[in-house]
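Undergrad: pasting a predicted model and its sequence here:
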There are 4 protein chains.
Amino acid sequence: MEHSYVAHGTKDKHLQRLKRIEGQVRGLHRMVDEEQYCIDILTQVSAVTRALQSLSLALLDEHMEHCVVQAVGDEQQAKLKEASAAIARLVKS
Amino acid sequence: MEHSYVAHGTKDKHLQRLKRIEGQVRGLHRMVDEEQYCIDILTQVSAVTRALQSLSLALLDEHMEHCVVQAVGDEQQAKLKEASAAIARLVKS
Amino acid sequence: MEHSYVAHGTKDKHLQRLKRIEGQVRGLHRMVDEEQYCIDILTQVSAVTRALQSLSLALLDEHMEHCVVQAVGDEQQAKLKEASAAIARLVKS
Amino acid sequence: MEHSYVAHGTKDKHLQRLKRIEGQVRGLHRMVDEEQYCIDILTQVSAVTRALQSLSLALLDEHMEHCVVQAVGDEQQAKLKEASAAIARLVKS
């Protein structure tokens, strides 16, 4: 019952986002290596955190729509519980 | 007045952390590419977010100790304002 | 299609939680009024924030289980979109 | 060395903010009691959380300016450590 990203065409978008985030992390490495100003580094860390957060929310939306809602009976209960734990981790992280 | 990470020996530690985070982001790319289960990907995104958060808090501590506290007069006021804005961004991201 | 809290017996639990949170906020008022130490006040504000966060997660779980999952067709799409926006607000607040 | 809010005239402002937050929590109690729509309640919980967050940031700013920066020697180290722990709790809550 696990959904394929390919099917609904968002896989490429997610992969591009992750490539961009990887580039941002490499940028942070360079900033620390060049001993740039702390506050500028912190601003950039916040930008990466927000990018990861957006990705999480997009993945969660898809998961809700394609996995949770389409499951039935006990499986749906299990999926709901799992999604709920994932949301709690997101809210607390 | 900007501090050198080298001086107090934490630069290497920060660079290692960022290398590890870059590896985690590459791992996420692979997970999405292999269409692994959403919830597992979300768990991993939360781990990366927490790693970035820890890095931010470590950078902020150093900044407070080496830049804000050691500044004087108007410069200290400016540094405090800047640190306060960085904290607000962290809390809200 | 809106669910009754009464039906599944959690309404009283939520009301008790909110009474406790109201008491905590009154406690904060007293702490500030008595000019208690900042850090102690901040610790208490974090406790209230966490209590509100837990309440949100509990309400969201119920909503997912009783409203989103049981809706059908277009209504379900609308409910999913609404839940997704609520999750984003939680994650960002 | 603990600062008086009265001295720099922000105590009343903080007390008013807390009164307003207490009113918002009472409003939440009423919303749950009247079984209003979940999503509306969640929106309101996010508003209260944000109000508490703003209050924290304001208290922290004052604390940094009036306690941390003005402390000296070992006391300043202790205050920095304490502020750093408070910031970490804020970021994680």
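TA: Looks like it arrived, so ask away. Numbers count the residues shown, from 1 in each chain, chains lettered A, B, ... in the order given.
Undergrad: from here on, contacts and neighbour counts on C-alpha atoms
TA: Will do.
Undergrad: counting neighbours, what do you get for residue A:53?
TA: Using other C-alpha atoms under 10 Å in any protein chain shown, residue A:53 has 23 other residues around it.
Undergrad: how about the helix or strand that contains it and chain D, touching?
TA: With secondary structure defined by DSSP states H and E, residue A:53 is part of helix A:38-63. No. Contact of helix A:38-63 with chain D (C-alpha under 8 Å from any C-alpha of the partner chain) is absent, the minimum separation being 11.5 Å.
Undergrad: same question, stretch A:75-93
TA: Yes. Using C-alpha under 8 Å from any C-alpha, stretch A:75-93 comes into contact with chain D via A:92-93.
Undergrad: briefly note if that stretch comes near chain C.
TA: Yes. Counting by C-alpha under 8 Å from any C-alpha, chain C is contacted by stretch A:75-93 at A:80, A:84, A:87-88, A:90-92.
Undergrad: most widely separated two among these?
TA: Distance extremes for the residues of stretch A:75-93 next to chain C: the farthest pair is A:80 and A:92 at 18.2 Å, using C-alpha to C-alpha.
Undergrad: ok, for the residue nearest to the spatial centre of chain A, nearest residue in space, not its chain neighbours?
TA: Centroid-nearest residue in chain A, with C-alpha atoms, centre = their mean: residue A:56, separated by 2.6 Å. In space, not counting the residues next to it along the chain, residue A:56 is nearest to residue B:42; the distance is 6.1 Å by C-alpha to C-alpha, 6 or more residues apart in numbering or on different chains.
Undergrad: make sure that neighbour is actually in contact with residue A:57.
TA: No. Residue B:42 is beyond contact range of residue A:57, at 9.0 Å (criterion: C-alpha atoms under 8 Å).
Undergrad: hey, which helix or strand in chain A has the poorest pLDDT?
TA: When each helix and strand of chain A is scored by mean pLDDT, DSSP states H and E, helix A:73-92 comes last, with a mean of 91.
Undergrad: mind listing residues that contact the strand or helix carrying residue A:16?
TA: Assigned by DSSP H and E, residue A:16 falls within helix A:11-33. With C-alpha atoms under 8 Å, 6 or more residues apart in numbering or on different chains as the test, helix A:11-33 has contacts from A:5, A:41, A:44-45, A:48, A:51-52, A:55, B:11, B:14-15, B:18-19, B:21-22, B:25-26, B:28-29, B:32-33.
Undergrad: may I see the PyMOL selection of the buried members of those?
TA: Selection of buried members from the contacts of helix A:11-33 for PyMOL, criterion 16 or more other C-alpha atoms under 10 Å in any protein chain shown:
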select buried, (chain A and resi 5+41+44+45+48+51+52+55) or (chain B and resi 11+14+15+18+19+21+22+25+28+29+32)
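Undergrad: picking up where we left off before, residue contacts, the residue nearest to residue A:56?
TA: A:56, A:59-60, A:86.
Undergrad: for chain B, what are the nearby residues on chain A?
TA: Residues of chain A lying near chain B (C-alpha under 8 Å from any C-alpha): A:2, A:4-5, A:11, A:14-15, A:18-19, A:21-22, A:25-26, A:28-29, A:32-33, A:35, A:37-39, A:42-43, A:45-46, A:49-50, A:52-53, A:56, A:59-60, A:63, A:82-83, A:86, A:89-90, A:93.
Undergrad: picking that back up, distance of the residue nearest to residue A:56 relative to residue B:48?
TA: Distance of residue B:42 to residue B:48, given as C-alpha to C-alpha, to the nearest Å: 10 Å.
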